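>>> predicted model and sequence below, questions to follow.
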Amino acid sequence: MRKKGKFLILLNMFSISAFAQPSAYTTARDSELTKMISLLKQDDFNKIYPVKDKIVNYQKAAIPLLIEMLKDTSFVKLKNTADLIYPGATDFYGHGGILAYDIDWLPIRAAWLLENITFKNFGYLKLSHHPESLGELYKKNHVVYIDHNLSALTPEDIEKQKSLRLHMLKLADTVERWWQQNKEGWTRFRALKEALVGNDLIEQENAIRYMLSDQTVCEGLTVSSYNEEIKPLIKRFLHGNEYLFEYANRLYDSDPARWLSWKVIKN
């Protein structure tokens, strides 16, 4: 009986240990995600754009890595942005995709994806259009802007830059606290519903525009769950708010099977 008892204890310990170890698939997935986050920090937009949606498709798994990136207040001026229209753009061709985030800043670049995944408004859009952003400071002096010669900035500009970076770190701390309070049971589908029932205009727009045009996945969002849980929430936007009315009306009258077919894993 003693031998049998010892055998069962050892077997149970082995089972628990084996269960606790990450699978080869999980390890490979996390490694690939880490590599893509590294590409996200590069200065070549041609390398960033192809991995953006792939990172977002990781949904919950990507959030902690993006929060860590929020803490890096580096300014990495992008190249090869072609006709991308964003706050840090230096050339305008009269057409192109519009991005409201000042993604020359690494924390704002991370927030671009993080707020896409969570539909949350953490304050980085407002920061992108701050009148004292480093992009604006650079534009005061073309040589500084091109050469990235921070020593050529005035003492006043340097103080503004320090203040901006401190503000970014405070925002990152706020986001991290939010995640610690909400990560248990968090899903992108739940976040989608929370954005629609909340009162933040940016979050509402994030949610509605996601369903209309975004091609990333949202686990749990199906034709059935949309019709039963999401579509009733869209009704509130069919009256009152003129800004969201057009988007909400298009979404309410659309066939969810059509736009859900765009949202497929492309990793």
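All right, it came through fine. Numbering: from 1, shown residues only.
>>> next, count neighbours for the closest residue to residue 51 other than its chain neighbours.
Ranked by C-beta to C-beta, 6 or more residues apart in numbering and with sequence neighbours excluded, the top spatial neighbour of residue 51 is residue 36, at 4.3 Å. C-beta coordinates here come from the backbone N, C-alpha and C atoms, glycine included. Residue 36: 20 surrounding residues under other C-beta atoms under 10 Å.
>>> what separates stretch 234-254 from the chain centre, distance-wise?
Its chain's C-alpha centre and that of stretch 234-254 lie 24 Å apart, by C-alpha atoms, centre = their mean, to the nearest Å.
>>> may I ask which helix or strand encompasses the residue nearest to residue 51?
helix 24-40 (DSSP states H and E).
>>> helices or strands up against that helix?
When contacts are defined as 3 or more C-beta pairs under 8 Å, 6 or more residues apart in numbering; DSSP states H and E, helix 24-40 sits against helix 45-56, helix 63-70, helix 106-118.
>>> the ones you listed: which one's closest to residue 258?
helix 45-56 (18.9 Å; C-beta to C-beta).
>>> just to revisit the earlier point, most packed of the helices and strands packed on helix 24-40?
helix 106-118 (a mean of 24; mean count of other C-beta atoms under 10 Å).
>>> output the helix or strand that that helix is followed by in CSV with nothing but the alpha carbons.
Next along the chain after helix 106-118, taking DSSP H and E as the criterion, comes helix 124-128. The C-alpha trace of helix 124-128 is given here as CSV (Å, rounded to 0.1, in the frame of the first residue of the first chain):
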residue,chain,number,x,y,z
TYR,A,124,-2.7,58.8,-26.7
LEU,A,125,-4.8,60.3,-29.5
LYS,A,126,-5.0,63.6,-27.6
LEU,A,127,-1.3,63.4,-26.9
SER,A,128,-0.6,63.0,-30.7
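>>> tell me which residues in helix 124-128 are buried?
124, 125, 127, 128 (16 or more other C-beta atoms under 10 Å).
>>> helices or strands up against that helix?
Short answer (3+ C-beta pairs under 8 Å, 6+ apart): helix 124-128 packs on helix 106-118, helix 155-182.
>>> which residues are contacting the first one?
Among residues not part of helix 106-118, those counted as contacts by C-beta atoms under 8 Å, 6 or more residues apart in numbering are 40-41, 48, 52, 55-56, 59, 62-63, 66-67, 69-76, 99, 101-103, 120-122, 124-125, 127-128, 168, 171-172, 175, 188, 191, 206, 210, 214, 216.
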